[in-house]
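> just to be clear, the model below is a prediction. Sequence and coordinates:
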Amino acid sequence: MSRSGMSRSGMSRSGMSRSGMMPRRYSLERAVGSAAEFHARPIPDPARRVLWWFDVTCPTVVLGSTQKAEVIDEEAARLAGVEVVRRRSGGGAVWLARSATTWVDVILPATDPRWEDDVSRSALWLGEAWVAALERVGRAGLDVHRGALARLPWSDLVCFAGLAPGEVTMGTAKVVGISQRRTRAAARFQCAVVHRWDPAPLLEVLALSPGERDAAADDLRHAGAGIGAVAPSALVTALLEELRHAPSGSRPS
């Protein structure tokens, strides 16, 4: 596997199946490299059902689309060898590291039966798929947040300090964070699954005073929860199986 290339079995370069129809099942594409490269990847057009599994090569902080660069302590990030990138979807900062998170994007074409025009409900189906996938790998007792967007202390700064509809929780703690970006062709749901929750590495590279950092660490101690030592490959395979149960038709126009 190359760092930038992805195999597409049975697919043409346009992303359509060789029969000319959108494939009924989700395909899997994996890449290893820089988070900046992955976030710059365009949503496929024409759209197709695909799961992108990204593996970052260094610890990374991903800022939300509206966050200012000044929230990062650039010197601390440089010394720690942390890459800082920006995604095109909203929300707070996310910490990505191989030992801590699994990063998966799900592309949902606008013609898919699971497409939802109401963005407050559009990720619920994906949250349900994650819950079922996590049950497959032995992580039961999880729920999908179905309420309104929960803005909690630090949520403007740190993604896992708040809850959005469709995200997966263990009690009140977030396990799977989901953000989305839409075009006319499709939605790109960007998912971060926590294996080991520890807000300290993220807080160390944010531009906070010592007092603010201590307060944030205390407030965020139970904001997230990890799924433990589940192999990312097993997790991705389980999600792919759940996505393959999706309706195979097209959304009525």
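Happy to help now that I have it. Here the structure is a predicted model, which means the values were calculated and not measured.
> the stretch 101-250 of the chain: helices as residue ranges?
Remark: helices assigned in the stretch 101-250 of the chain by DSSP state H, counting those that start in this stretch are 124-136, 200-204, 210-220, 232-243.
> for residue 35, find the nearest of the ones you listed.
helix 200-204 (13.9 Å; Cβ to Cβ). Quick note: C-beta positions are derived from backbone N, CA and C, even for glycine.
> Serialize the helices of the stretch 101-250 of the chain to JSON lines and add fields for mean pLDDT and mean neighbour count.
Formatted as JSON lines, the helices of the stretch 101-250 of the chain follow (pLDDT from 0 to 100; neighbours: other Cβ atoms under 10 Å):
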{"stretch": "helix 124-136", "mean pLDDT": "96", "mean neighbour count": "21"}
{"stretch": "helix 200-204", "mean pLDDT": "95", "mean neighbour count": "17"}
{"stretch": "helix 210-220", "mean pLDDT": "94", "mean neighbour count": "14"}
{"stretch": "helix 232-243", "mean pLDDT": "94", "mean neighbour count": "18"}
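> turn those helices into CSV, including distance to residue 45.
Listed next are these as CSV, based on distance: least, Cβ to Cβ, whole Å:
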stretch, distance to residue 45
helix 124-136, 21
helix 200-204, 33
helix 210-220, 38
helix 232-243, 20
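> so which of those helices comes closest to residue 186?
helix 124-136 (13.3 Å).
> which residues sit against the closest one?
With contact meaning Cβ atoms under 8 Å, 6 or more residues apart in numbering, helix 124-136 is reached by 106, 108, 114, 116, 140, 142-146, 165-168, 175-176, 178, 189, 191, 193, 227, 235, 238-239, 241-243.
> redo that, cut-off 6 Å
Identification of contacts with helix 124-136 by Cβ atoms under 6 Å, 6 or more residues apart in numbering yields 114, 142, 144, 166, 168, 176, 189, 238-239, 242.
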